[in-house]
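[1] My questions concern the predicted model and sequence given below.
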Number of protein chains: 2
Amino acid sequence: MACPYRSLYNIECCLRKGAINKMINVAILGSGGLGQNMALLIEQKKDFKLVGICDRSGYLFNESGIAGITIKQSKTIDEIKGSHISSNSIFEMISNHKEKINAIFIALPNLPNEFIPNVAKEIIKTGYKGVIVDALKRTRAVEMVKNLDTDFKAHNILYLTGCGATPGLLTTAAALAAQSFVEVLDVTITFGVGINNWETYKATIREDIAHLEGFNPEIVAKMTDKEIVEELNKRNGILELHHMEHADDIMLELAGVCTRDRVTTGGIVDTKNPKKPISTNVKVTGRTFEGKISTHQFVLGDETTMAANVNGPILGFMKSGMWLYSLGVRGTLTSAEIMPHFGVAKENYLDIQGKQSRDFACKIPTS
Amino acid sequence: MACPYRSLYNIECCLRKGAINKMINVAILGSGGLGQNMALLIEQKKDFKLVGICDRSGYLFNESGIAGITIKQSKTIDEIKGSHISSNSIFEMISNHKEKINAIFIALPNLPNEFIPNVAKEIIKTGYKGVIVDALKRTRAVEMVKNLDTDFKAHNILYLTGCGATPGLLTTAAALAAQSFVEVLDVTITFGVGINNWETYKATIREDIAHLEGFNPEIVAKMTDKEIVEELNKRNGILELHHMEHADDIMLELAGVCTRDRVTTGGIVDTKNPKKPISTNVKVTGRTFEGKISTHQFVLGDETTMAANVNGPILGFMKSGMWLYSLGVRGTLTSAEIMPHFGVAKENYLDIQGKQSRDFACKIPTS
């Protein structure tokens, strides 16, 4: 445990303190529903500043800060005063301003699967050093980002993946709940989404449709908006999603909580009604060290929107990411890996448990 | 963000990896209900090994590991074969074996308030370097431990406080839930405990009684067991606890989630019935960036005992503590501070929110 570089660590300690409390300059890639609402949220926060944002049309960079409402009111970035028209806006914005950006939020729709992993490779090429956070959903996409671990390490990047609502808030709640158990038997995530108008969250709805039987990201990427509307109308605006390919599974597996086959994600999306059809929740069932099977549950308030439950956690993980970055952490981590670490059970723990209860008739309180 | 010690960090990276996966040698201070059950839990875990335990009578140290059942079956440590009789067992055990201990769990009853802070000072004197974890409950006690921050830093110790159930599991669940909100308005923790027989958890019940009107830690420390039983009988075995002095408040304040006056802890303890009188839960109410007030809730399964909900999280935070230690973190942290960091709102965020909604009639989906 002795530290050979104690004096350096002491210097680092001071640097660290600064890093935690200093302003975090954020760049957002994408200005759809997610990116726009993130701009509004950042404007309300004390220690975050939006300095850059881009979309297909161009990018806007301003070290003194960009007003959230400016982004919310603009259809495309190129129509904002001071913006730069560019067909290669991600690369140009980051290359030109990387020294002034502490953290990047990738708020782009991930269709097809390799899209965001490719954006990550693009960021590496700019020479950017710092934190990157995403709200990726699919298992395969998170796997691809995880595979870039060595590249991120080599280029001084800490990439945090799966930091939205699910995966993200609910996955990390599951990782925390797991601590009461020796073995986690089941994690079931169920989300409810209600929206007035699918057009506000086009990309999200498209990603949801990609999970339905007979669809996949490639098929949906080729569908026109009219075809999407037809599909929604066929279903009375309601999408019922079961056993989705959702990265909560691989994230809990990588965090050592349980194997991915024990994690199920599903939900109901009502695209014609802002009321949630069901309360979003996660149930974690496990066996305690005393051999009891039980279920913890985490339920989100119905009034909290997708925007609040994705963007809030993104900033929380980003802030932790800044701390970990200042401590020297590099590579890819999922949000679940920065939670209290789970210590797995021995393969024969059930035998040990049996022996313990045979050897001693325990009388243990419940709390 | 550039790291001036990159090459050292790269070396550290390798060390870190080892640190995360290697066996954690644990010493437990105290062999009451909490310490005994921790010994059973550790026996079922792959990457933890119980190497030392002590009580008032003496200590037992064995680098190859100590069987959980041996501890559970012994009334006092000095009756175990191989133990050392000592009236100064904490100091002697740690002084003699500090090089073989990675993490210490303080499982001692904290009566009076300064008891565990004094134990921490005692550990510093041994020259121990590593991680220390406690399950402290009272605000004042956590404050005292927090005040030792500089001493721990100077002596290469990372001390994690408030890592049990409440404070601990429920506090950190609150810190996580907070991420959906810009401002946290209220955190209410309510626990239910059911035990067959108060004698199994004497120290815990005494601490609970200290929270009742007309009592305090000093008064309870002087009460005989007979007086405790009389007090319990007067109340039909049921302790109703309201507005307890519980460190969840200071921990959430230190983590920047909300001021301590917004955090309330209470519960019902039935000392004559193993069934929980109420499900243990935490409710977190806040205002989202869109101005909506909502409540997230985290509910523990009734079958999970106090032993499972305290000792499990203790090991989770300990494992994270080992990781943070390997990254150079020293001093005192509460369990809430190692969760995703909360970014506070600007003082005038409500004005900004008002302006944002006036400037743009937002149509936002709910999830």
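    Received it, and whenever you're ready, just let me know what you need.

[2] drop to CA atoms for contacts and neighbour counts, all remaining ones
    Will do.

[3] Next to chain B in this structure, residues from the stretch 151-300 of chain A, please.
    With C-alpha under 8 Å from any C-alpha of the partner chain as the criterion, the stretch 151-300 of chain A meets chain B at residues A:169, A:173, A:176-177, A:179-182, A:191-197, A:200-201, A:274-276, A:280, A:288-290, A:292-300.

[4] same thing but 7 Å
    By C-alpha under 7 Å from any C-alpha of the partner chain, the residues of the stretch 151-300 of chain A that approach chain B are A:173, A:179-181, A:191-196, A:274, A:276, A:280, A:288-289, A:292-300.

[5] Counting only strands, which of those residues make the cut?
    A:191-194, A:293-299 (DSSP state E).

[6] Distance to residue A:115, neighbour count and pLDDT added to the residues you listed, as TSV?
    Output for those, formatted as TSV (distance: C-alpha to C-alpha, whole Å; neighbours: other C-alpha atoms under 10 Å in any protein chain shown; pLDDT from 0 to 100):
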residue	distance to residue A:115	neighbour count	pLDDT
A:191	25	25	94
A:192	26	23	95
A:193	25	25	91
A:194	27	25	90
A:293	41	18	98
A:294	40	20	98
A:295	37	24	98
A:296	36	24	98
A:297	34	21	98
A:298	32	25	98
A:299	32	21	98
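
[7] Which two among those residues are spaced furthest apart?
    A:194 and A:293 (33.4 Å; C-alpha to C-alpha).

[8] gap between the two ends of stretch A:270-282?
    Taking C-alpha to C-alpha, to the nearest Å as the measure, stretch A:270-282 stretches 19 Å from start to finish.

[9] let me redo that: stretch A:132-149
    End to end - C-alpha to C-alpha - stretch A:132-149 spans 12 Å.

[10] any bit of it sitting next to chain B?
    No: using C-alpha under 7 Å from any C-alpha, stretch A:132-149 never reaches chain B; the gap is at least 12.8 Å.

[11] List the buried residues for that stretch?
    Residues of stretch A:132-149 classed as buried: A:132-142, A:145-146, A:148-149 (neighbour count, 16 or more other C-alpha atoms under 10 Å in any protein chain shown).

[12] got it, and stretch A:104-122?
    Under 16+ other C-alpha under 10 Å, the buried positions of stretch A:104-122 are A:104-113, A:116-117, A:119-120.

[13] Next, the distance between the ends of it.
    Taking C-alpha to C-alpha, stretch A:104-122 runs 13 Å from one end to the other.

[14] So which residues of chain A form strands?
    Going by DSSP E, chain A shows strands at A:24-29, A:48-55, A:58-61, A:84-85, A:103-106, A:130-134, A:157-161, A:183-194, A:238-241, A:263-270, A:281-287, A:293-299, A:331-334.

[15] right, so the ones you listed: which one is the most enclosed?
    With neighbours taken as mean count of other C-alpha atoms under 10 Å in any protein chain shown, the strands of chain A reach their highest mean count in strand A:157-161, at a mean of 28.

[16] what lines up beside that strand in the sheet?
    Taking DSSP bridges as the criterion, strand A:157-161 forms sheet pairs with strand A:130-134 (parallel), strand A:331-334 (parallel).

[17] which residues make contact with the first one from outside it?
    Applying C-alpha atoms under 7 Å, 6 or more residues apart in numbering or on different chains, the set of residues contacting strand A:130-134 from outside is A:102-107, A:156-163, A:314, A:318, A:321-322, B:1.

[18] Stretch A:287-295 too?
    A:180-184, A:283-286, A:353, B:41, B:300-301, B:303-304, B:308.

[19] if you set the cut-off to 8 Å instead, what comes out?
    Contacts to stretch A:287-295, defined as C-alpha atoms under 8 Å, 6 or more residues apart in numbering or on different chains, come from residues A:180-185, A:283-286, A:353, A:357, B:40-41, B:44, B:300-304, B:308.

[20] Just the terminal-to-terminal distance for it.
    Terminal-residue distance, stretch A:287-295 (C-alpha to C-alpha): 9 Å.

[21] before we move on, what about stretch A:81-89?
    16 Å.

[22] in it, what counts as buried?
    Of the residues in stretch A:81-89, those buried (16+ other C-alpha under 10 Å) are A:83-86, A:89.

[23] Could you give the average pLDDT over that stretch?
    For stretch A:81-89, mean pLDDT rounds to 97.

[24] Same question for stretch A:337-352.
    Averaged over stretch A:337-352, pLDDT sits at 97.

[25] Quick check, central residue of chain A?
    Nearest to the mean C-alpha position of chain A, by C-alpha atoms, centre = their mean, lies residue A:163 at 1.9 Å.

[26] got the contact list for that one?
    Residue A:163 neighbours (C-alpha under 8 Å, 6+ apart): A:133-136, A:169, A:310, A:313-314, A:317, A:334-335.

[27] got a markdown table for the buried residues of stretch A:81-89, with distance to residue B:24 too?
    Rendered in a markdown table, the data for the buried residues of stretch A:81-89 read as follows (distance: C-alpha to C-alpha, whole Å):
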| residue | distance to residue B:24 |
| --- | --- |
| A:83 | 54 |
| A:84 | 54 |
| A:85 | 55 |
| A:86 | 53 |
| A:89 | 48 |
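
[28] farthest-separated two in those residues?
    A:83 and A:89, at 10.5 Å, using C-alpha to C-alpha across the buried residues of stretch A:81-89.

[29] Can you work out which residues contact both of the two?
    What both residue A:83 and residue A:89 touch, as defined by C-alpha under 8 Å, 6+ apart, is the set A:58-59.

[30] that older thread, okay, the residue nearest to the centre of chain A and chain B: tell me how far apart.
    10 Å (C-alpha to the nearest C-alpha, to the nearest Å).

[31] Residue A:97 - nearest residue in space that isn't next to it in sequence?
    Among residues not flanking residue A:97 along the chain, residue A:61 sits closest, at 7.9 Å (C-alpha to C-alpha, 6 or more residues apart in numbering or on different chains).

[32] what's near enough to touch the one you found?
    Here residue A:61 is in contact with A:51-53, A:83, A:93, A:97 (criterion: C-alpha under 8 Å, 6+ apart).

[33] So what pairs up with it in the strands?
    Beta-bridge partners, per DSSP bridges, of residue A:61: residue A:52.

[34] And it, how far from residue B:158?
    Distance from residue A:61 to residue B:158, by C-alpha to C-alpha: 41 Å.

[35] Who are the contact partners of residue A:340?
    Contacts of residue A:340 (C-alpha under 8 Å, 6+ apart): A:175-176, B:313, B:316-317, B:319-320, B:338-339.

[36] ok, so of those residues, who is nearest residue A:31?
    Distances from residue A:31 to the contacts of residue A:340, taken by C-alpha to C-alpha, are shortest for residue B:339, at 28.6 Å.

[37] Looks like the closest one contacts residue B:177 (just checking).
    No: checked against C-alpha atoms under 8 Å, the pair residue B:339 and residue B:177 is beyond contact range at 10.6 Å.

[38] circling back to that earlier point, looking at the buried residues of stretch A:104-122, which one is closest to residue B:240?
    The nearest member of the buried residues of stretch A:104-122 to residue B:240, counting by C-alpha to C-alpha, is residue A:105 at 46.9 Å.

[39] Spell out which residues sit in contact with that closest one, please.
    A:26-29, A:132-134, A:314.

[40] If we use 6 Å, what do you get?
    By C-alpha atoms under 6 Å, 6 or more residues apart in numbering or on different chains, the contact list for residue A:105 reads A:28, A:132-134.
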